[in-house]
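Asker: Return atomic coordinates for the entry below.
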Amino acid sequence: MAELRTSIQDGVATVVFSNPSKMNAMTLDMWRAVPEAFARLDADPAVRLIVCAGAGEKAFISGADISQFEELRGTVEAQVVYNKAVDDAYQAPMNCAKPVIARIRGICMGGGLGFAAACDLRICSEDSVFRMPAARLGLGYGPAGLRRFMNVIGAANTIDIFASARRFDAQDALRMGFVSRVVPAAELEKTVAGYCGMIAENAPLTVAAAKYAVQLWQHDEKDRDLARAMKMVEACFASEDHKEGRRAFMEKRAPAFKGS
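Answerer: Below is the predicted model of the structure:
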């Protein structure tokens with residue numbers, strides 16, 4: 001069954017993309033489910049960050065479910081509807097105030113590569129394989145999507161992976177800066193969990209302000225507001241968490257942040 005599964009543990013929400021018979025290829029219903037899932041988790045005060053992963057050990061997301069293309073992308077009108085669902089899904093991790101980490105194992109191609117690029121951070125296993133096959137399918141890729149890739153890996157690497165449509169491995173992804181860390185497959189979940197634990201212990205308002213400010217400079221000014229970014233910084237200094245951080249430092253103990 002093709003579906004999104006969500007769970008929450010110790011402040012970390014996990015979104016699992018599950019379509020195991022097709023290497024977690026994304027159906028239209030799966031694309032449409034992404035914004036709702038992220039909005040719900042973003043609004044949950046128990047959630048400090050979100051991890052995205054593919055079901056099983058073979059794939060993160062292998063791309064869009066090509067078996068649906070003839071029916072759901074066969075006309076210009078249908079293509080517009082389908083593309084909006086995909087674009088809304090890509091926008092979901094960027095709209096989320098909380099950090100979003102892609103935990104990548106195995107195949108990460110096409111729509112999976114695009115979704116991973118929209119996340120804040122990417123950590124992968126050594127056996128991961130990446131590809132952007134749009135040029136082999138005759139698909140157009142919008143300017144906003146290309147800009148996301150350029151923000152992550154730069155212009156030359158973006159042209160490389162789109163024009164060649166070549167496969168590249170985890171070490172190449174690390175060289176490009178697409179992933180921040182490569183670990184043995186057996187250690188991937190433990191490594192990501194440990195990193196997420198560090199983030200979950202930190203002041204949520206500070207983390208949210210940092211994410212918003214980074215995106216402020218990555219995207220069009222019309223989509224981000226410098227005044228809002230400054231208000232978010234001011235809110236950090238006015239927060240109870242800031243008081244708690246100061247007290248914890250003086251008392252030589254770990255702070256207990258509440259996000260207020």
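Asker: Helices along the stretch 151-260 of the chain, start to end?
Answerer: Here the stretch 151-260 of the chain has its helices, by DSSP state H, counting those that start in this stretch, at 170-176, 188-200, 204-218, 226-237, 240-250.
Asker: now these in CSV, with distance to residue 22 and mean pLDDT?
Answerer: For glycine as for every other residue, the C-beta is placed from the backbone atoms N, C-alpha and C. What follows is those, written out as CSV (distance: least, CB to CB, whole Å; pLDDT from 0 to 100):
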stretch, distance to residue 22, mean pLDDT
helix 170-176, 22, 98
helix 188-200, 22, 97
helix 204-218, 32, 91
helix 226-237, 40, 90
helix 240-250, 44, 90
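Asker: Any idea which of those gets closest to residue 57?
Answerer: Among the helices of the stretch 151-260 of the chain, helix 188-200 comes nearest to residue 57, with 9.5 Å by CB to CB.
Asker: elements contacting the closest one?
Answerer: Where contact means 3 or more CB pairs under 8 Å, 6 or more residues apart in numbering; DSSP states H and E, helix 188-200 is packed against strand 12-18, strand 49-54, strand 100-104, strand 121-125.
Asker: how does it look with 10 Å?
Answerer: Packing contacts for helix 188-200, counted by 3 or more CB pairs under 10 Å, 6 or more residues apart in numbering; DSSP states H and E, involve strand 3-9, strand 12-18, strand 49-54, strand 100-104, strand 121-125, strand 181-183.
Asker: Including mean neighbour count, could those go into CSV?
Answerer: Output for these, formatted as CSV (neighbours: other CB atoms under 10 Å):
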stretch, mean neighbour count
strand 3-9, 14
strand 12-18, 20
strand 49-54, 25
strand 100-104, 27
strand 121-125, 23
strand 181-183, 17
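Asker: Turn those into JSON lines, including mean pLDDT and distance to residue 88.
Answerer: Compiled in JSON lines, those are given as follows (pLDDT from 0 to 100; distance: least, CB to CB, whole Å):
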{"stretch": "strand 3-9", "mean pLDDT": "96", "distance to residue 88": "14"}
{"stretch": "strand 12-18", "mean pLDDT": "98", "distance to residue 88": "15"}
{"stretch": "strand 49-54", "mean pLDDT": "98", "distance to residue 88": "16"}
{"stretch": "strand 100-104", "mean pLDDT": "98", "distance to residue 88": "15"}
{"stretch": "strand 121-125", "mean pLDDT": "98", "distance to residue 88": "21"}
{"stretch": "strand 181-183", "mean pLDDT": "98", "distance to residue 88": "29"}
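Asker: could I get those as JSON lines with distance to residue 201?
Answerer: JSON lines is the format used below for the helices and strands packed on helix 188-200 (distance: least, CB to CB, whole Å):
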{"stretch": "strand 3-9", "distance to residue 201": "14"}
{"stretch": "strand 12-18", "distance to residue 201": "11"}
{"stretch": "strand 49-54", "distance to residue 201": "11"}
{"stretch": "strand 100-104", "distance to residue 201": "15"}
{"stretch": "strand 121-125", "distance to residue 201": "17"}
{"stretch": "strand 181-183", "distance to residue 201": "19"}
